[in-house]
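Asks: sequence and predicted model, in that order:
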Amino acid sequence: MVNNVAREINLREYYEVIKKRLWLIILITFITTVAGYVYNYYTQTNLYESSRRVIIGSDSGNMSTLMVMIKDPIIMEKVRDELNLSRSPEGIANQITVAQIDDSQVIKISAVDADPKVAMAIVNSTAKLFKSEIATILDFKEVQLLSEAKENPYPINPSGNRITIIAFVLGMITAIGLVFLLDSLDQTIKTNKDIEEYLDITVLGKVSNMNKKKFVIKRKSQPEMELRGDTVGIK
């Protein structure tokens with residue numbers, strides 16, 4: 001029972017500390033959240049991905065070789081020249097991923113770029129040049145291009161709210177910690193409990209806060225006393 005009462009008192013004290021400086025918690029949390037949002041808005045680069053499928057009529061033994069040839073520097077250089085990209089063939093190759101779908105003859109070519117139009121153009125150009133160049137280099141003509149890649153307007157890294165949420169949580173934790181720190185540094189006596197702890201005496205009562213204005217108003221509200229005198233006649 002005593003433990004429950006003590007726990008209730010502690011919780012009440014914590015609540016009063018937070019309530020007293022609630023404005024400070026709201027202010028700090030708001031500032032950190034806005035800062036996180038602005039930082040994320042100006043620093044994050046959205047990435048877009050486009051894909052195209054290609055059918056390669058080859059057995060599994062030659063499939064790996066043909067997949068490697070898709071990102072060959074010869075093909076990447078031609079992609080760069082065709083699209084007038086100001087980047088190296090190696091840089092373009094790093095933007096491309098090639099994957100075989102379920103051990104089939106279907107190959108998925110994907111490209112990632114900050115510009116969705118460029119990602120789409122890289123994929124389509126790579127697939128087209130792969131088909132023509134592989135026929136010349138390896139005399140392999142069993143490549144069939146499926147439907148062209150389309151522009152994807154949705155970024156593949158939509159983590160825009162993550163930094164904002166982290167900033168909100170950290171801001172609130174920091175604000176609450178600061179509030180309790182300020183309270184611990186405040187040595188003024190606020191409650192009867194503080195008096196008993198600091199002065200080691202028992203509080204028997206307290207006097208209400210009075211000022212001259214309140215005292216005058218209180219006196220005016222009291223009814224005036226009338227004094228009456230009786231005369232006694234002497235015969």
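Replies: Everything's here; your move.

Asks: show me what counts as buried in the lengthiest helix in the chain.
Replies: The residue-count maximum for a helix in the chain (DSSP state H) belongs to helix 160-185. For helix 160-185, the neighbour count (16 or more other C-beta atoms under 10 Å) marks 163-164, 167-168, 171-172, 175-176, 179, 183 as buried. Where C-beta positions appear, they are placed from N, C-alpha and C, glycine not excepted.

Asks: counting by contacts, list what it packs against.
Replies: When contacts are defined as 3 or more C-beta pairs under 8 Å, 6 or more residues apart in numbering; DSSP states H and E, helix 160-185 packs onto helix 2-20, helix 22-43.

Asks: tell me the angle that helix makes with helix 22-43.
Replies: With axes from the mean of the first three to the mean of the last three C-alpha atoms, to 10 degrees defining the directions, helix 160-185 sits at 150 degrees from helix 22-43.

Asks: hang on, the earlier thing: just put the buried residues of helix 160-185 in JSON lines and tack on distance to Asn157 and pLDDT.
Replies: Formatted as JSON lines, the buried residues of helix 160-185 follow (distance: C-beta to C-beta, whole Å; pLDDT from 0 to 100):
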{"residue": "Ile163", "distance to Asn157": "12", "pLDDT": "86"}
{"residue": "Thr164", "distance to Asn157": "15", "pLDDT": "88"}
{"residue": "Ala167", "distance to Asn157": "18", "pLDDT": "93"}
{"residue": "Phe168", "distance to Asn157": "20", "pLDDT": "95"}
{"residue": "Gly171", "distance to Asn157": "24", "pLDDT": "95"}
{"residue": "Met172", "distance to Asn157": "26", "pLDDT": "95"}
{"residue": "Ala175", "distance to Asn157": "30", "pLDDT": "94"}
{"residue": "Ile176", "distance to Asn157": "32", "pLDDT": "93"}
{"residue": "Val179", "distance to Asn157": "36", "pLDDT": "91"}
{"residue": "Asp183", "distance to Asn157": "42", "pLDDT": "83"}
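
Asks: need those in JSON lines with distance to Ala135, can you?
Replies: Listed next are these as JSON lines, based on distance: C-beta to C-beta, whole Å:
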{"residue": "Ile163", "distance to Ala135": "48"}
{"residue": "Thr164", "distance to Ala135": "51"}
{"residue": "Ala167", "distance to Ala135": "54"}
{"residue": "Phe168", "distance to Ala135": "57"}
{"residue": "Gly171", "distance to Ala135": "60"}
{"residue": "Met172", "distance to Ala135": "63"}
{"residue": "Ala175", "distance to Ala135": "66"}
{"residue": "Ile176", "distance to Ala135": "68"}
{"residue": "Val179", "distance to Ala135": "72"}
{"residue": "Asp183", "distance to Ala135": "78"}
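
Asks: how is the chain partitioned into domains?
Replies: Here the domain parsing of the chain from automatic domain parsing is 2-43+159-188, 48-145.

Asks: make TSV out of these and add distance to Pro153.
Replies: Compiled in TSV, those are given as follows (distance: least, C-beta to C-beta, whole Å):
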stretch	distance to Pro153
domain 2-43+159-188	15
domain 48-145	6
